[in-house]
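In: Next comes the sequence, and after it the predicted model I'd like to discuss.
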Amino acid sequence: MTLIAPSRLRLDSSALIANWKTMARMSGAAATGAAVKADAYGLGACEVVPKLWEAGCRDFFVAHWSEAAAIAKLVPPGNIAVLNGISSDDMAAAKEIGAIPVLNTAKQISAWKAGGGGRCHLMLDSGINRLGLGPDQIDAQLLEGLEIDILMSHLASADEDVDQNRRQLAMFHQASQNISARRKSLANSAGIALGKDYCFDLTRPGLAVYGGVPRNELSSEIKQVVWPEARILQIRQLDAGIPVGYNATFTTRECSVLATISVGYADGYFRGFSNSGFCRLDLDRFPVVGRVSMDLVTVDISNSSSQLAEGDWLAMEFELNGAAAASGVSQYELLTGLGRRYSRHWI
């Protein structure tokens, strides 16, 4: 039995690849990897990873070992880095999967050595105060015997023009001088846009690959990858002065034609789009009216140039920079919040 989902994601392979190649070009001489954690930012890692591999990407970054296991048959496991490190409980599975841990703490380093060691990556905390060894925690005895491939750190505020970026760059330079590693990596998508001083040997773009714009310099370079679409479930005509949706946050001002469509905050179309989002059909643009609910959104189709009916599809406006401004939700949350009820269609 084949079920047709009433909501779908239209995903553009060519835009995905073009965005990654833009990041690669801007990375200069540095190799360019890709963050594919959180199911490739909600787009589907098992579809994204082979496309990026074919385009030339050779370094993939996930957060958890389960994410590494999900893509380990799609690319050589040694090309997958697990950012959240390793514990003694993970060791057997990690060895079986073959992905490479990013060691963040002295305890993780000890666990890796006790488990037999081998190739690893190392995270330095250059100022985000999240994961990684601080400069005061680094000593030769702790790192002795480690086979470090990538020495990395992570920028905290690369999407802004602040002194913290330069301080982190300087700290990474200084802390890495006495650590033997094959490659160095600092820049994410926004970090790449800060310039080649931040790119080192390897960059790790994420958001921009999937259509996000973390800095204005990228706004003309990045292409939209994902379009959510939803089917019309019901159309009704209302007189002026009629409330719509939960808590009556919208009231019709004139005789209106409204369509209820099959998408809601359970699908990652969040309540921030209430009375601020839009749908489209060709050149027609329809405002979201009333409060977004769990499974349903109501839009005003009074100005439609075509005769819409139950079963027709509308596309949600989801250009990430604009959608973030409309909803008050970050571009990262908009992508990773895309629910599993959508069918996914790569074009």
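Out: Nice, thanks for sending it over.
In: contacting residues for the residue nearest to Ser262 when sequence neighbours are not counted?
Out: Closest residue to Ser262 apart from its sequence neighbours, by Cβ to Cβ, 6 or more residues apart in numbering: Pro6 at 3.6 Å. Placement of C-beta: from N, CA and C, glycine included. With contacts defined as Cβ atoms under 8 Å, 6 or more residues apart in numbering, Pro6 is in contact with Ala230, Arg231, Leu233, Ser262.
In: same thing but 10 Å
Out: 229-233, 261-263, 295, 311, 313, 341-343 (Cβ atoms under 10 Å, 6 or more residues apart in numbering).
In: From Ala323, how far off is the residue nearest the centre of the chain?
Out: What sits nearest the mean C-alpha location of the chain, by Cα atoms, centre = their mean, is Tyr41, with 3.2 Å. Distance, Tyr41 to Ala323, by Cβ to Cβ, to the nearest Å: 14 Å.
In: just Gln177 next, same as before
Out: In terms of Cβ to Cβ, Gln177 sits 43 Å off from Ala323.
In: more crowded one of these two?
Out: When neighbours are counted by other Cβ atoms under 10 Å, Gln177 and Ala323 differ, and Ala323 comes out ahead with 23 against 7.
In: Run through the residues that contact the residue nearest to the more buried one when sequence neighbours are not counted.
Out: Leaving aside its chain neighbours, Ala323 sits nearest to Leu334 (5.7 Å; criterion: Cβ to Cβ, 6+ apart). Counting by Cβ under 10 Å, 6+ apart, Leu334 touches 41-42, 211-212, 226, 228, 268-270, 272-273, 318, 320, 323-324, 327.
In: so what's Leu169 up against?
Out: By Cβ under 10 Å, 6+ apart, the neighbours of Leu169 are Ser126, Gly127, Ser153, Leu155, Leu186, Ala187, Gly191, Leu194, Gly195, Asp197, Tyr198, Phe200.
In: what's the closest of those residues to Ala31?
Out: Phe200 (9.8 Å; Cβ to Cβ).
In: Give the burial count for Gly268, as a bare number.
Out: Considering only other Cβ under 10 Å, Gly268 is surrounded by 22 other residues.
In: I meant to write Ser7 there.
Out: Ser7 has 22 nearby residues by other Cβ under 10 Å.
In: these two touch, right, it and Ile232?
Out: No. The pair Ser7 / Ile232 is not scored as a contact, 11.4 Å apart, by Cβ atoms under 10 Å.
In: okay, and the common contacts of the two?
Out: Taking Cβ under 10 Å, 6+ apart as the contact rule, Ser7 and Ile232 both touch Ile261, Ser262, Trp313.
In: Save these as a markdown table, and put in secondary structure, pLDDT and distance to Lys95 too.
Out: Below are the shared contacts of Ser7 and Ile232 laid out as a markdown table (DSSP: H, G, I helix; E, B strand; the rest coil; pLDDT from 0 to 100; distance: Cβ to Cβ, whole Å):
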| residue | secondary structure | pLDDT | distance to Lys95 |
| --- | --- | --- | --- |
| Ile261 | strand | 98 | 48 |
| Ser262 | coil | 98 | 45 |
| Trp313 | strand | 97 | 47 |
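In: between those residues, which has the most around it?
Out: Result: Ile261 is most packed of those (other Cβ under 10 Å), 27 neighbours.
In: Need phi/psi at the closest residue to that one other than its chain neighbours.
Out: Leaving aside its sequence neighbours, Ile261 sits nearest to Ala230 (Cβ to Cβ, 6+ apart; 4.1 Å). Backbone geometry at Ala230, expressed as degrees, to the nearest 10, gives phi -140, psi 150.
In: just to revisit the earlier point, any idea which of the contacts of Leu334 is closest to Ala18?
Out: Nearest to Ala18 among these, with distances taken as Cβ to Cβ, is Gly211, at 10.2 Å.
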